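Colleague: Pasting the sequence and the predicted coordinates here, then a few questions.
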Amino acid sequence: MEPATQVWWFAAGRLLATVLIGCGAGWLFGNPFGGLAIALALHLTWVLVNLVRLEWWLRHRNYADPPDIGGVWGEVISQIVRLHRRKRFHKQRFVQLMRQLQRSTAALPNGVVILNAQREIVWFNRMAARLLNLRRTGDLGMRIEHLLREPEFVRYLAKGDYSNPVVIRQSSADECYLSLQVAPYGDGQLLLLVSDVSRQMRLEAVRRDFVANASHELRSPLTVVSGYLETLGADGSLDPELRGPIAEMRRQAERMTAIIRDLLELSRLEETDEVVGGEPVDVAALAALLRKDVLARAVHPREVRVRIDSEARLLGDEPEIHSAFSNLVDNAAKYTPPEGSIEMRWWVDEDGGHFAVTDTGFGIPSEHIPRLTERFYRVDAGRARATGGSGLGLAIVKHVLQRHHGTLEVRSQLGSGSTFTCHFPLERVAATAPAVSAATA
Amino acid sequence: METADLSHHISRRFNEDLERVRSKVLGMGGFVEQQLHKAITALVEGDSSLGEAVALDDQQVNNMEIAIDEECSRILATRAPAAGDLRVIVAIIKTITDLERIGDEGEKIGYIASRLATMERPADKYREIKHLGRVVSDMVHDALDAFARMDVESALRVARQDRLVDEEYEAIQRQSITFMMEDPRTIRRALDVMWVVRALERIGDHAKNISEYVIYMVHGKDIRHTSLDDVERELRGGTVDKQPNASA
C-alpha cells in the first residue's frame, strides 16, 4: 500500500474510533447520541485548529516553518512544500537566465533599443544610453524620433525601408557619427541597432583626402614632364634611335595623366552627396555624340549603332552621366576588334530607364565580372596596358550610378561580346513622351 | 510619459492629434538643428556651396511652420482643448515661431558664410565663432530635448546658459573692435563676423524662449521677464513636489 493511502485509512479509522468511543461513553451515561455529538464536535474542533495553522503557515510560508501535524494534514503540507520548492527553483533559474541575458546585452559593444509599434522606447542597453544620450528610466515610453531628431533618421524611420543602415551625425558631440539600423520583428516591433562609426568615417575622410591631394600634387610635375617630352618629340635634330623611347615615354605620360584625371574625378564623386533632382539629359543627343567620338578613334569598330526607343529624358547631372556613358562606350570600343560592332540602346519600361552598351568584343570571363568595378582591377593586365586605360573607368561608372540611385548590370559571353546596362529608377526618368522606336545606324 | 499622462483624455483621436503635432514640432526642431550645424560648418570651413544650400533650405523651415500652425488652429477650433492641453497647443504655437526665427538666423549665417568663403580667412580660423556656435547648438538641442521630455530641470539649465552666450558675445565684439582699429582693411570682414555672432546670440535667446515655454507647458507658469532665481525658488517651493504633469 502507498503511504498516502495508508494515511487515509488511518484517518478513516481514527474517525470511526472517535464515533465508537463517543457512542460508548454516551451509552455509559445513558445518552449515546449526546456522547456522539460531543465526540464529533471535538473532532471538528481539531480539524478546524489544523486548518487555521495551515492557513497561517501558507500566508507566512516565506519565513515560517511548516506546522508539525501528522496524518493527512502532514501529507497535504509536504505536497505544498514540494510544489513551492519546485516553483522557487524554476523562478530562480529564470531570473538567473534573465540576468545573464541582460548582462550580455549590456556588454554588447553596440547600442540596442527596442521599440514598440508606435515607435516608443521599450527597453535599451547601456551602450545605447551612452550613444544616444537616453535616460535610464525617464525615456521609456518616449517616441524615438522625439529624441533622435536628425532629419535623415526621421526620414529613414518614416520610409520603412530598413535594408540599409543610416549614418547620422550625433548633434551633441563633435564629429561623432552613428550608424543606425532598424530590424523589424514580432508584431510591428522594431529593434534599433546603434554603432559608433566615427573612426571609420574619419579614416574614410583621411583616405579620400589623401587620394585627392596626392593626385593633385602629381599633376603639376607630370605636366612639366609631358611638356618637355612633347618638345623633344618634335625636335628634328634628335638622334633617330631616341625617337622610339621618347614616343613611348609620351604615351605613358599621357596614360598617367588619364589615371590622375580619373582619380580626381572619383574623389570628387565620393566627396559630394547624391545628386538630387538634376537636369533632364537628352540621351539621344548624348549617344550621337559618343558615337562620333568612337568613329574619331584611329582604330575603331566597323559599325557603331544607336537605338533610341524612348524620347524620355534622364534626370541627372549631365557631365557625370556623360562621363559614365562615355566610359562604357570607350571600353566597348577598346575591346572590340575593327571588324566588330557596338550598339547603344536607351529604353524606358515600368522599372525605369535603361542604357545599354553591347559590343561584339572578346567578352569577360564570368569570374571577373563581380570585381570589374573595383579600382585598378584588371581582367588581363597585359592587354589593358596596351590599350592605355586608367583602370578606373568602371569605378567611375559605378559611383555615378550610385549617386543617381542606379545600378550597373554586366552580362558577357566569352568570345562573343558583352553588354553593360545602366538601370535608372523611374523617378530619374523625366515625364515620358510616348515611346517612339527609331533606329539610327 | 506623455502618452501615459494624456491617456485619461476623453478622445483617443485627440491624443493622437496632439502627439502628431508634437512629432512635427520636434521634426522641425531636428531640421533646424541640422541647418544651424551646417551653417556654422560652412562658415568655419569656408564652404560656400554648403552656405548657399543652407540659405536655400530655409524655405522648408518656413513651410513646416505654416503646416504646424494650421494644424494647431484646426485642433483649437475642432477640439477646444482646456487646461494642460490648451497650454501644450499654445506652447507649440510659440515654439515654432522661435524655431522659424532660429532657421532665419541660420539662413543669415549661411548666406554670410558663402560670402566670407571668398575672402581671406583670419589666422584664428573663426575659433570663437566655432566655440560660440557649439554652445548655442547645444542650447537648441537641450531645449528641444526638454520639450520632448517635458523636463523642467533641463529647461531651467538652458535658460541659465543664455547668460554665458551674452558674455561671449560681448567678448567677441570687443575683440572685433580691436581688430578693426588695428587694421582697417579687416573692417568689412569683421562686420560680417559681427553679424554672425549677433545671429548666434539671437539663436541663444530663442533657445531660452523655447525652454521657457516648456516650463509654461508643464507648470502653467509664465516665467518670461522674471529672474531665473525667483522662478527656481517658486518652482521648488510648491509646484515641483507634485508630479510635473499632474496639472495636465
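Modeller: Perfect, thanks for sending it.

Colleague: Wondering if the strand or helix carrying residue B:129 reaches chain A at all.
Modeller: Following DSSP states H and E, one finds residue B:129 within helix B:127-149. Yes - using C-beta under 8 Å from any C-beta of the partner chain, we find that helix B:127-149 touches chain A at B:134, B:137, B:138, B:141, B:144, B:145, B:148, B:149. Every C-beta, even on glycine, is put in place using the N, C-alpha and C of the backbone.

Colleague: out of the residues you listed, which are buried?
Modeller: B:137, B:138, B:141, B:144, B:145, B:148, B:149 (16 or more other C-beta atoms under 10 Å in any protein chain shown).

Colleague: What is the burial count for the residue lying closest to residue B:54 once chain neighbours are set aside?
Modeller: What sits nearest to residue B:54 in space, not counting adjacent residues and going by C-beta to C-beta, 6 or more residues apart in numbering or on different chains, is residue B:110, at 3.1 Å. Using other C-beta atoms under 10 Å in any protein chain shown, residue B:110 has 29 neighbouring residues.

Colleague: dump the residue contacts of residue B:110.
Modeller: Counting by C-beta atoms under 8 Å, 6 or more residues apart in numbering or on different chains, residue B:110 touches B:35, B:38, B:39, B:42, B:50, B:51, B:52, B:53, B:54, B:55, B:58.

Colleague: just checking, the second one touches residue B:49?
Modeller: No - using C-beta atoms under 8 Å, residue B:38 is not in contact with residue B:49, being 10.9 Å away.

Colleague: Those two: who's more crowded?
Modeller: Taking neighbours as other C-beta under 10 Å, residue B:38 and residue B:49 compare with residue B:38 leading, 20 against 11.

Colleague: tell me which element the more buried one is part of?
Modeller: Element membership for residue B:38, per DSSP H and E: helix B:12-45.

Colleague: So for the next helix or strand after that helix, what gets flagged as buried?
Modeller: Downstream of helix B:12-45, the first helix or strand assigned by DSSP H and E is helix B:48-79. Using 16+ other C-beta under 10 Å as the test for burial, helix B:48-79 gives B:50-55, B:57-58, B:61, B:64-65, B:68, B:71-72, B:75, B:79.

Colleague: what helices or strands is helix B:48-79 leaning on?
Modeller: Packed against helix B:48-79 by the contact rule (3 or more C-beta pairs under 8 Å, 6 or more residues apart in numbering or on different chains; DSSP states H and E) you find helix B:12-45, helix B:83-116.

Colleague: could you dump those helices to CSV with mean pLDDT?
Modeller: CSV is the format used below for the helices and strands packed on helix B:48-79 (pLDDT from 0 to 100):
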stretch, mean pLDDT
helix B:12-45, 89
helix B:83-116, 91
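
Colleague: what about the ones you listed, which gets the closest to residue A:370?
Modeller: Proximity to residue A:370 (C-beta to C-beta) singles out helix B:12-45 among these, at 37.0 Å.

Colleague: So what's the gap between that closest one and the chain middle?
Modeller: With C-alpha atoms, centre = their mean, to the nearest Å as the basis, helix B:12-45 stands 10 Å off its chain's centre.

Colleague: Is that helix positioned near chain A?
Modeller: Yes - applying C-beta under 8 Å from any C-beta, one finds helix B:12-45 in contact with chain A at B:19, B:22, B:23, B:26, B:27, B:29, B:30, B:31, B:33, B:34, B:37.

Colleague: which one of those sits closest to chain A?
Modeller: residue B:30 (2.7 Å; C-beta to the nearest C-beta).

Colleague: got a list of what the residue nearest to the closest one when sequence neighbours are not counted touches?
Modeller: Among residues not flanking residue B:30 along the chain, residue A:149 sits closest, at 2.7 Å (C-beta to C-beta, 6+ apart). Residue A:149 sits next to B:26, B:27, B:29, B:30, B:33, B:144 when contact means C-beta under 8 Å, 6+ apart.

Colleague: so what's whichever residue of the stretch 101-250 of chain A sits closest to chain B scoring on pLDDT?
Modeller: Nearest residue of the stretch 101-250 of chain A to chain B (C-beta to the nearest C-beta) works out as residue A:149 at 2.7 Å. pLDDT recorded at residue A:149 is 87.

Colleague: What helix or strand is it located in?
Modeller: Assigned by DSSP H and E, residue A:149 falls within no helix or strand.

Colleague: Could you confirm whether the strand or helix carrying residue B:215 reaches chain A?
Modeller: Assessed by DSSP H and E, residue B:215 sits inside helix B:187-219. No - Helix B:187-219 lies out of reach of chain A by C-beta under 8 Å from any C-beta, never closer than 13.0 Å.

Colleague: Give the buried residues for that helix.
Modeller: Neighbour counts over helix B:187-219 (16+ other C-beta under 10 Å) mark B:189-190, B:192-197, B:199-219 as buried.

Colleague: residues contacting residue A:339?
Modeller: With C-beta under 8 Å, 6+ apart as the criterion, the residues that contact residue A:339 are A:301, A:302.

Colleague: Can you report phi and psi for it?
Modeller: Backbone torsions for residue A:339, taken as degrees, to the nearest 10, come to phi -90, psi 0.

Colleague: now do the one 3 residues further on
Modeller: Backbone torsions for residue A:342, taken as degrees, to the nearest 10, come to phi -130, psi 140.

Colleague: What is the burial count for it?
Modeller: A count of nearby residues for residue A:342, using other C-beta under 10 Å, gives 25.

Colleague: Give the full set of residues in contact with the spatially closest residue to residue A:316 that is not a sequence neighbour.
Modeller: With sequence-adjacent residues excluded and distances taken as C-beta to C-beta, 6+ apart, residue A:316 is closest to residue A:278, at 4.3 Å. With contact taken as C-beta under 8 Å, 6+ apart, residue A:278 is in contact with A:315, A:316, A:317, A:404, A:428.

Colleague: Nothing else from me, thank you.
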